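Engineer: structure for this input, please:
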Amino acid sequence: MKDFLLKATAFDGEVRAYAIRSTNTVEEARRRQDTWATASAALGRTVTITAMLGAMLKDDAKLTVKLEGDGPIGAVITDANAKGEVRGYVLNPHVDFESNAQGKLDVRRAVGTQGTLSIVKDLGLKSNFTGQVPIVSGEVSEDFTYYLANSEQIPSAVGAGVLVNPDHTILAAGGFIIQMLPGASEKTIERVEQQIASIDPISKLIQNGKTPEEILELLVGGKEHLKILEEMPVSFSCPCSKERLAAAITSLGNEEIDAMIREDHGATATCHFCNETYSFNIEELKELKTS
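Structural biologist: This next block holds a predicted model:
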């Protein structure tokens, strides 16, 4: 089954909602980063939520997320655009622990409880929009909920879950964001809050095979309250290439390129996001010099 994301409204436009199936996307991130189970859960939750935040953008806009706590995985860095393309990596992928008291992967321990969550949005304007809040739990979903409420002043509920197989591959991943829009009535707010409180945790919903549409129906208390606006494919996508790296090397200038030739007899770089490695021999570096 392919990954996809649903955009919806509910209660005649008082609520905006997103739900996503991100199993393949998270598995691709895990494969490229070689993450262990707990690190996979932290990265997967962040990738899942970042994809939904990207879907809120328009045209060629994009955003970058940095979740940087004091836990052993270091920073989790992800980015996404408005087309359902997302990627991400974690600084220390080989982190895993025993399950926590709830029998779940101990993401809080991996991420840490002190640090910051920052989001930079490139909307194609002269300057980027940057928001930052302190980490409030290290569980990822709660941290994004806090970010949206405090940095963007949008009352929201965010959930993301990742289930990992014994061999560290991804069994299932998905999530939701539900937001109260300006003018939402107290009755609607109360009803949605009650629904969110009454449903199973997102990881259990995913484990039970709930589709994004079924998750949205649970969140709003029935399909009669829901209006699906769009279904968007979601995938791990990295735009890096040897041509992009060549342009970056050219921008360093002839003196720096000469140093690469003289000292290193070539150049090699690896993309943090996808772990693809690109190499340039001496002749290729000479061709990148500007006359």
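
Engineer: neighbours of residue 167, how many?
Structural biologist: By the criterion of other C-beta atoms under 10 Å, residue 167 has 6 neighbours. Where you see a C-beta, it was placed from the backbone N, CA and C, and this is true even at glycine.

Engineer: what separation do you get for it and residue 27?
Structural biologist: Distance from residue 167 to residue 27, counting by C-beta to C-beta, to the nearest Å: 12 Å.

Engineer: surely residue 15 touches residue 177?
Structural biologist: No: using C-beta atoms under 8 Å, residue 15 is not in contact with residue 177, being 10.8 Å away.

Engineer: by mean pLDDT, flag the weakest helix or strand of this structure.
Structural biologist: Of all helical and strand segments in the chain, the minimum by mean pLDDT, DSSP states H and E falls on helix 202-207, at a mean of 85.

Engineer: can I see the domain layout of this protein?
Structural biologist: 4-236, 242-288 (automatic domain parsing).

Engineer: among the ones you listed, which is the most enclosed?
Structural biologist: Stretch with highest mean neighbour count among those: domain 4-236 (a mean of 19; mean count of other C-beta atoms under 10 Å).

Engineer: figure out how far that one is from the centre of its chain.
Structural biologist: Averaging C-alpha positions (C-alpha atoms, centre = their mean, to the nearest Å) puts domain 4-236 7 Å from its chain's average.

Engineer: my read is residue 189 is in a helix, agree?
Structural biologist: Yes: according to DSSP: H, G, I helix; E, B strand; the rest coil, residue 189 belongs to a helix.

Engineer: from residue 136, how far out is it?
Structural biologist: 21 Å.

Engineer: residue 83 too?
Structural biologist: Distance from residue 83 to residue 136, by C-beta to C-beta: 30 Å.

Engineer: again with residue 289
Structural biologist: Taken as C-beta to C-beta, the span from residue 289 to residue 136 is 50 Å.

Engineer: which SSE is residue 86 in?
Structural biologist: Using DSSP states H and E, residue 86 sits in strand 85-90.

Engineer: list the helices and strands that strand packs on?
Structural biologist: helix 23-33, helix 37-55, strand 75-81, strand 235-236 (3 or more C-beta pairs under 8 Å, 6 or more residues apart in numbering; DSSP states H and E).

Engineer: put together CSV for these, with mean pLDDT on each row.
Structural biologist: Below are the helices and strands packed on strand 85-90 laid out as CSV (pLDDT from 0 to 100):
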stretch, mean pLDDT
helix 23-33, 97
helix 37-55, 98
strand 75-81, 98
strand 235-236, 98
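
Engineer: closest one to residue 173 among these?
Structural biologist: For the helices and strands packed on strand 85-90, proximity to residue 173 was assessed by C-beta to C-beta; helix 23-33 is nearest, at 4.1 Å.

Engineer: put the alpha carbons of the closest one into CSV.
Structural biologist: Output of helix 23-33 as CSV, limited to C-alpha atoms (Å, rounded to 0.1, in the frame of the first residue of the first chain):
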residue,chain,number,x,y,z
THR,A,23,5.0,3.4,6.7
ASN,A,24,7.1,3.2,3.5
THR,A,25,8.4,6.8,3.9
VAL,A,26,9.7,6.1,7.4
GLU,A,27,11.1,2.7,6.3
GLU,A,28,13.1,4.4,3.6
ALA,A,29,14.4,7.0,6.1
ARG,A,30,15.3,4.1,8.5
ARG,A,31,17.0,2.1,5.7
ARG,A,32,19.1,5.0,4.6
GLN,A,33,20.1,6.1,8.1
